[in-house]
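Enquirer: Have a look at this fold, sequence not included:
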């Protein structure tokens, strides 16, 4: 993808994509050129914004009020409110809306009025008004592909197009009290799916958070339990982008 993105706040390499026990909560809106849309976002978590059949190229506005990460491959962005915009001097959340302007590669412009609430991560998916409904149904978005794959991995379904493989070396290091054991690795054309067991080998309960377990190429994580008591185990499911080979 040609890199031509102008952000009011700093642009950094994408490190995390889908986070949260049920991934992102999905909102879907029509995208009508030169129109304005009011959307609900999380005050504290990362929020995904994507356009079906198009790529977000530029975002303007809200200087200093949010941080943005860009997915160069998928053409989507991940927005999180900065601490200065989320908290006042008394450390209480501010409900003042933020307005930004989004421009896609095809030239569509959309003004977004961001209403922040203390809710889970949100995924905002725009469908251009000019695209016929049947085209949306026939061409799944990257979000739909990842979400469907995660559901199949968690429920132990058949992963068509994926080959069960062996992990030749550990891919992440956790704390000394957390034992990580790989149960299965499935490789596809674009993504990999892993199933691990996590065991608390310490003497105190451990609070688990997906974002603390993720690597840069991970796009989705799911934990069966959020807290592990001493000697207790849980399963960790991870969807990652395939490693690029030169």
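Expert: Nice, thanks for sending it over. Small disclaimer: the values here were computed from a predicted structure and weren't measured.

Enquirer: quick one: buried residues of the longest helix anywhere in the chain?
Expert: In the chain, assigned by DSSP state H, the helix with the most residues is helix 142-155. Buried residues in helix 142-155, counted by 16 or more other Cβ atoms under 10 Å: 142, 143, 146, 147, 149, 150, 152, 153. Every residue, glycine included, has its C-beta placed from N, CA and C.

Enquirer: And the pLDDT for the residue lying closest to residue 107 once chain neighbours are set aside?
Expert: Take residue 107 and drop its neighbours on the chain: the residue closest to it by Cβ to Cβ, 6 or more residues apart in numbering is residue 33, 7.9 Å away. pLDDT for residue 33: 85.

Enquirer: Settle this for me: residue 33 is touching residue 111, isn't it.
Expert: No: here residue 33 lies out of contact with residue 111, judged by Cβ atoms under 8 Å, at a distance of 10.9 Å.

Enquirer: would you list every one of the helices in the chain?
Expert: 83-86, 133-138, 142-155, 210-213.

Enquirer: of all those helices, which has the lowest average per-residue confidence?
Expert: helix 133-138 - the lowest mean pLDDT of the helices of the chain, at a mean of 44.

Enquirer: Hmm, residue 27 is touching residue 127, no?
Expert: No: using Cβ under 8 Å, residue 27 is not in contact with residue 127; the gap is 11.5 Å.

Enquirer: show me what contacts the residue of the chain most remote from its centre?
Expert: Ranked by distance from the centre of the chain (Cα atoms, centre = their mean), the top residue is residue 203, with 32.5 Å. Going by Cβ atoms under 8 Å, 6 or more residues apart in numbering, residue 203 touches residue 230.

Enquirer: Identify the residues contacting residue 164.
Expert: By Cβ under 8 Å, 6+ apart, the contact list for residue 164 reads 184, 185, 186.

Enquirer: And residue 175, by the same measure?
Expert: With Cβ under 8 Å, 6+ apart, residue 175 has these contacts: residue 206.

Enquirer: Could you report the separation of it from residue 234?
Expert: 15 Å (Cβ to Cβ, to the nearest Å).

Enquirer: now do residue 119
Expert: 25 Å.

Enquirer: hang on, residue 99 packs against residue 111?
Expert: Yes: counting by Cβ under 8 Å, residue 111 is a contact partner of residue 99 at 6.4 Å.

Enquirer: For this structure, give me the ranges with low pLDDT.
Expert: 1-24, 83-95, 129-142, 167-171, 243-246 (pLDDT under 70).

Enquirer: The residue nearest to residue 41 when sequence neighbours are not counted: how many residues sit nearby?
Expert: Using Cβ to Cβ, 6+ apart and skipping residues adjacent in sequence, the residue nearest residue 41 is residue 47, 4.5 Å away. Neighbours of residue 47 under the rule other Cβ atoms under 10 Å: 26.

Enquirer: Residue 115 too?
Expert: Neighbours of residue 115 using other Cβ under 10 Å come to 14.

Enquirer: distance of it from residue 229?
Expert: Per Cβ to Cβ, residue 115 is found 38 Å from residue 229.

Enquirer: repeat for residue 52
Expert: 43 Å.

Enquirer: neighbour-wise, which of the two wins?
Expert: residue 52 (19 against 10).

Enquirer: from memory that one sits against residue 124, does it?
Expert: No: between residue 52 and residue 124 there is no contact under Cβ under 8 Å: 11.5 Å.

Enquirer: Name the nearest residue to residue 128, sequence neighbours excluded.
Expert: The spatially closest residue to residue 128, leaving aside those adjacent along the chain, is residue 31, at 4.7 Å (Cβ to Cβ, 6+ apart).

Enquirer: what about that neighbour, distance to residue 61?
Expert: Residue 31 is 17 Å from residue 61, by Cβ to Cβ.

Enquirer: and the gap between the nearest residue to residue 158 once chain neighbours are set aside and residue 234?
Expert: Sequence neighbours aside, residue 152 is the residue nearest to residue 158 in space, at 7.3 Å (criterion: Cβ to Cβ, 6+ apart). Here the criterion is Cβ to Cβ. By it, residue 152 lies 19 Å from residue 234.
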